[in-house]
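Q: Have a look; sequence and predicted model below, questions after that.
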Amino acid sequence: MTTLTARLSVMQRLRTRPFLRGLVLVGPAATWLFLFLAVPLVLVLVYSFWTYRPGGIMEHTFTLENYARFLSQPVYGRILWRSFSVGLQTTVLALLLSYPTAYYLARRPSGSHLLIFLILVPFWTSYLIRIFSWMLILMERGVLNSVLLGLGIISQPVRLLFTPLAVVVGMTYSALPFMILPIYSVLKGINPDLIQAAKTLGANELQAFVEVTLPLSMPGVLAGSVMVFIQGAGNFLAPAILGGTGADLMANVIANRFIEAFNWPFGSALSMVFLVAMLVFLLLVNKWAALESIYGPNK
Amino acid sequence: MIDVELRSVTKRFGPVVAVDEVSLQVRQGEFLTLLGPSGCGKTTTMRRVAGLETPTSGEILIREQCVTDLPPYQRNVSLMFQNYALFPHKNVFDNIAFGLKYRKVPGEERKQRVKESLALVHLPGMESRYPRQLSGGQQQRIALARALVVRPAVLLLDEPLSNLDLKLREKMRIELKQIQEQVGITFVFVTHDQQEALMLSDRIAVMDKGKLVQVGTPREVYERPQSRFVAEFVGQSNFLEGHIVNHCADATEVRLSSGLHLSIPATPHLTTGSKVTVQVRSERVRLFAERPLDCGHEFTAIVERVIYSGDTIQYLLQLESHDLLLATCPTTSAPPLNRGASVWVGFDSEDCLVLPGD
Amino acid sequence: MDQTNNVSTLAKRPAFIPRRSQVLRLMSGWFLRLVTIVVYVFLYLPILIVIIMSFHPEIYLTFPLPGYSLRWYEELLHDELMIRATLNSLWLGGLTALLSAIIGTPCALGLVRLDFPGKRVLNTFVFAPMIIPQIITGISLLILLNFIRIPRGYPYLIIGHVLLTLPYIVVTVSSQLYGFPRDLEEAALSMGANEIQTFFEVTLPLIAPSIFAGMLFAFTVSFQEFVATQMWATPSTYTLPIRIFARIRDALTPEVNVVGVLTILLSFGVVAIVQIMSRRGKRGNRYGI
């Protein structure tokens, strides 16, 4: 018996060590993410403990004053609370509108391609433009006021823009595709035989829906809701464009610290607080409804 | 010359032992089938030979060269898959020439050999078609052409006919055997279809739960199964439990648990009192209207059930001793019987095979 | 007596479910259709308004339009700053799509086919840019690159945009990889092609559609990204969204409408291309099985 002289090439080594193979494939992405996402976040944490001197100078001395400032000045707490509250409002409103739509789309036996296409177009259109479009609608001489004036429903233009309402409307509008698509996708995947089985066993339409469809659609509802909530609470553009002076959310405040105030330590502290608050919120939601189910296919 | 040799080949997936110390030699030009139920390890064994599964232990030699640690592309093997695995983005010519390209066969010779292999599978002129334009049977033939054109030491076939409907499958079986004989390449064929194995093979290797249970010609495997598993898996048999009560010079007496006595060919190596299983093939059980005169064993029986299968009729018969026997009779032999009919059942001593009881 | 009891218990249902299930079915059908129509109208009204307003002849926008004009389309063609910003966004988007694909495709392969310690962690990090508020992604990268003394501008933009678009590539390629027939690769291996050759000859051509789709999505996301980008760009490297935001802030909006029309067209095109590709793929029964 003779052994074929196998070349101990790179290929050989890669083949017999799956760990190396994994490294080569996943390495670049993992490195990128580590260097430009993980490390920066750690750095943000570090910065949050450094001292800010007026004039845009930052000292590398440890201090807790940034966090103290967050706790002592109620305005920041209020803004954090407002961010979460607006996020929740947006989520609920979007859900109320999206679920029936997704349900209708999923029930259609065919021809929903065009309708899905029509949802995808706004989905991929610039968020900036979509928020901006509400400026055109809600401003004093905007579409809504002009229509209402023209119909004689009002005699004077109503102040709609630069209100908290405008922010919520704009955010809900932009959130719709993000809520409709996951719910649609999950509903579409529900085995229709299950509903038939429920009906033959005595449940009527509503009962079958409540007992079978609704629980099975929860992963989609959760996926959409989490996405919309995070987008809402962390939103920058809607308050910046549609909101008035009192409508700032955490994102605006943080951006302000970096762009205008150059108070990076405090901005970092705010970012940390915000991240932790969101994490805690998501963990609580996870306890209540297993978020594992919305994990993508790469399990 | 031995084309493929397996020495104590084992493959483990975590705690599961899929292939357990399989040793086997495949002769040059032989059509060997790995036969067994799903999960018996036949496909994994084949994939070990191909190099598609990493070795746990054991050696594989192809034409007397050890290939155990070599990747598939350094072994001289070809594969045929259940789902054909034709490259959808390449036409027929590029599919077939794929292996030739990587064996650095020059262009002109490549064209010639592709043409020859297409002729071999009776699909001349198909070079520019794409797989999606072909029927299932045609695709399978192209897959065969692709596997053969590289002149491998051995062609490994993984249940290649399972996706074809019955008529096409029967046709392809015959063609496959013809081509193999014509080309003379060693085939290792994996299937769970025992009929296919019997029809096509020069030798059959039966596997169960990762172990090689019996290797032999189709005749040997069918007529002299070495275990109950093989006897049950191949063909249809009756199994009668009992123990040995007496030894004679040329016969052994077995008393069944039902009380019935059978006289079977002598088994001097089994001691009196040992438990045995007597196997009688269902086609060896014959039916008579009156008591037969020339059978080793004759019993009266009542027909419990009739199963009509076109060319055969099967009768489930209950003897007086309450033993149940299955008899397979050709439809042409006699007019069919009805349930409840009373018949005489007979079979010879030579039709009885003793399997170790467990 | 017993029989009527049984019948009446069957008929006794909770109060909110009327016995006339036909009516219920009809009503729920209409309700669903109504909500759906409202939602679609709600979705497209602002888009239509942007399109309509882009033809407004005057700076001072009013509704209804006093006339129609292509004035702002023309102005945009001469607007140096806008053109430069558009070019910036275009080549940034292209580069981002390319880099993201190069890094993201092997990553998807690794995540789908291999099992290794830390896989869950990696998976979380890959999708993190989609979950973490963009402002935070923006400031964190800003802090890092500033800390190692790299000036703002292109490096930040490229690194950041690849970071933000990586999840899109990984998702699109992964989902096609999940159904990928492995026996095609095994056939190639057994015929003499090694792993790398098999990847380029068999795997890559067949996953190319999803890589392409992922690149289109990555381009679109990069082209329209604002919140994090504002942290990274300098005036000479301003992208289109940054210019637009500045215009909105300065209340000079007519050209913004025109740009809006262009991004709507971009989105329309991207979605159309991807939809057509996936329809053709499914109909052509790509794997011939």
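A: Great, that's in hand.
Q: Quick one, grab the pLDDT at the closest residue to chain C within chain A.
A: Taking Cβ to the nearest Cβ, chain C has its nearest neighbour within chain A at A:Gly234, 2.7 Å off. Any C-beta I mention is one placed from the backbone N, CA and C, and that applies to glycine too. You'll see A:Gly234 listed with a pLDDT of 93.
Q: ok, it to C:Ile207 distance?
A: As for A:Gly234, its distance to C:Ile207 is 33 Å (criterion: Cβ to Cβ, to the nearest Å).
Q: Same question for B:Gly296.
A: 67 Å.
Q: what does A:Tyr52 give?
A: The spacing between A:Tyr52 and C:Ile207, counted by Cβ to Cβ, is 50 Å.
Q: my read is B:Glu304 is in a helix, agree?
A: No - secondary structure of B:Glu304 (DSSP: H, G, I helix; E, B strand; the rest coil): strand, not part of a helix.
Q: Any idea how many residues pack against it?
A: Counted with other Cβ atoms under 10 Å in any protein chain shown, the neighbours of B:Glu304 add up to 13.
Q: wait, what's in contact with whichever residue of chain B sits closest to chain C?
A: For chain B and chain C, the shortest gap (Cβ to the nearest Cβ) falls at B:Tyr102, measuring 3.2 Å. B:Tyr102 sits next to B:Tyr73, C:Met191, C:Gly192, C:Ala193, C:Gln197 when contact means Cβ atoms under 8 Å, 6 or more residues apart in numbering or on different chains.
Q: same thing but at 10 Å, please
A: B:Tyr73, B:Val150, C:Ala188, C:Met191, C:Gly192, C:Ala193, C:Asn194, C:Gln197, C:Thr198, C:Glu201 (Cβ atoms under 10 Å, 6 or more residues apart in numbering or on different chains).
Q: Intersect those with the contacts of chain A.
A: Residues of the contacts of B:Tyr102 in contact with chain A (Cβ under 10 Å from any Cβ of the partner chain): B:Tyr73, C:Asn194, C:Gln197.
Q: sorry, back to before: could you check which of A:Tyr52 and C:Ile207 is surrounded by more residues?
A: Applying other Cβ under 10 Å to A:Tyr52 and C:Ile207 shows that A:Tyr52 carries more neighbours, namely 24 against 21.
Q: Distance check, that one against A:Glu65.
A: In this structure, A:Tyr52 and A:Glu65 are 8 Å apart, going by Cβ to Cβ.
Q: And for residue 218, the neighbour number?
A: No chain in the question, so chain A it is. Neighbour count of A:Met218, defined by other Cβ under 10 Å: 16.
Q: nope, chain C please
A: Neighbour count for C:Ala218, taken as other Cβ under 10 Å: 28.
Q: That one touches C:Ala97, doesn't it?
A: Yes - assessed by Cβ atoms under 10 Å, C:Ala218 is found in contact with C:Ala97 at 4.3 Å.
Q: anything in contact with each of these two?
A: Common neighbours of C:Ala218 and C:Ala97 (Cβ under 10 Å, 6+ apart) are C:His161, C:Val162, C:Thr165, C:Tyr168, C:Ile169.
Q: which one of those residues is nearest chain B?
A: Comparing these against chain B with Cβ to the nearest Cβ places C:Ile169 closest, at 21.4 Å.
Q: coming back round to it: so what's the residue of chain A closest to chain C up against?
A: Taking Cβ under 10 Å, 6+ apart, we find A:Gly234 in contact with A:83, A:87, A:249-251, A:254, A:274-275, A:278, C:131-136, C:227.
Q: repeat that for 8 Å
A: A:Ser83, A:Gly87, A:Leu249, A:Met250, A:Ala251, A:Phe274, A:Met278, C:Ile132, C:Pro133, C:Gln134, C:Ile135, C:Ile136.
Q: What residues sit buried inside stretch C:66-74?
A: Buried positions in stretch C:66-74, judged by neighbour count with 16 or more other Cβ atoms under 10 Å in any protein chain shown: C:Arg71, C:Trp72.
Q: Any residue of it touching chain A?
A: No - for stretch C:66-74, no contact with chain A is found by Cβ under 8 Å from any Cβ of the partner chain; the gap never falls below 12.0 Å.
Q: Any idea how far apart the tips of that stretch sit?
A: Stretch C:66-74 has its terminal residues 19 Å apart, counting by Cα to Cα, to the nearest Å.
Q: residues in contact with stretch A:87-98?
A: Contact with stretch A:87-98 is made by A:168, A:171-172, A:175-176, A:178-180, A:183, A:221, A:224-225, A:228-235, C:35, C:38-39, C:42, as judged by Cβ under 8 Å, 6+ apart.
Q: no no, stretch A:210-221
A: A:95, A:99, A:102-103, A:182-187, A:190, A:194-195, A:198, A:203, A:289, A:293-294.
Q: CA atoms only: put that stretch into CSV for me.
A: Coordinates of each C-alpha in stretch A:210-221 appear next as CSV, following Å, rounded to 0.1, in the frame of the first residue of the first chain:
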residue,chain,number,x,y,z
VAL,A,210,-58.2,34.4,18.3
GLU,A,211,-57.2,30.8,19.1
VAL,A,212,-55.1,30.0,16.1
THR,A,213,-54.1,32.9,13.9
LEU,A,214,-53.4,35.5,16.5
PRO,A,215,-51.0,33.5,18.7
LEU,A,216,-49.2,32.2,15.7
SER,A,217,-48.7,35.7,14.3
MET,A,218,-47.1,36.9,17.5
PRO,A,219,-43.5,36.5,16.3
GLY,A,220,-44.2,38.9,13.4
VAL,A,221,-46.0,41.3,15.7
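Q: How is B:Asn338 assigned, secondary-structure-wise?
A: Following three-state DSSP, the label given to B:Asn338 is coil.
Q: which residues touch it?
A: With the criterion set at Cβ under 8 Å, 6+ apart, B:Asn338 makes contact with B:Val303, B:Val306.
Q: Next one: it from B:Glu304, what distance?
A: Noted for B:Asn338: a distance of 11 Å to B:Glu304, by Cβ to Cβ.
Q: same thing with C:Leu48?
A: Distance of C:Leu48 to B:Glu304, given as Cβ to Cβ: 79 Å.
Q: quick one: pLDDT of residue 1?
A: Let's take chain A. Here the pLDDT value assigned to A:Met1 is 37.
Q: Not quite, go with chain C.
A: C:Met1 carries a pLDDT value of 42.
Q: Make JSON lines out of the contacts of B:Tyr102 and add secondary structure.
A: Below are the contacts of B:Tyr102 laid out as JSON lines (three-state DSSP):
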{"residue": "B:Tyr73", "secondary structure": "helix"}
{"residue": "B:Val150", "secondary structure": "coil"}
{"residue": "C:Ala188", "secondary structure": "helix"}
{"residue": "C:Met191", "secondary structure": "coil"}
{"residue": "C:Gly192", "secondary structure": "coil"}
{"residue": "C:Ala193", "secondary structure": "coil"}
{"residue": "C:Asn194", "secondary structure": "coil"}
{"residue": "C:Gln197", "secondary structure": "helix"}
{"residue": "C:Thr198", "secondary structure": "helix"}
{"residue": "C:Glu201", "secondary structure": "helix"}
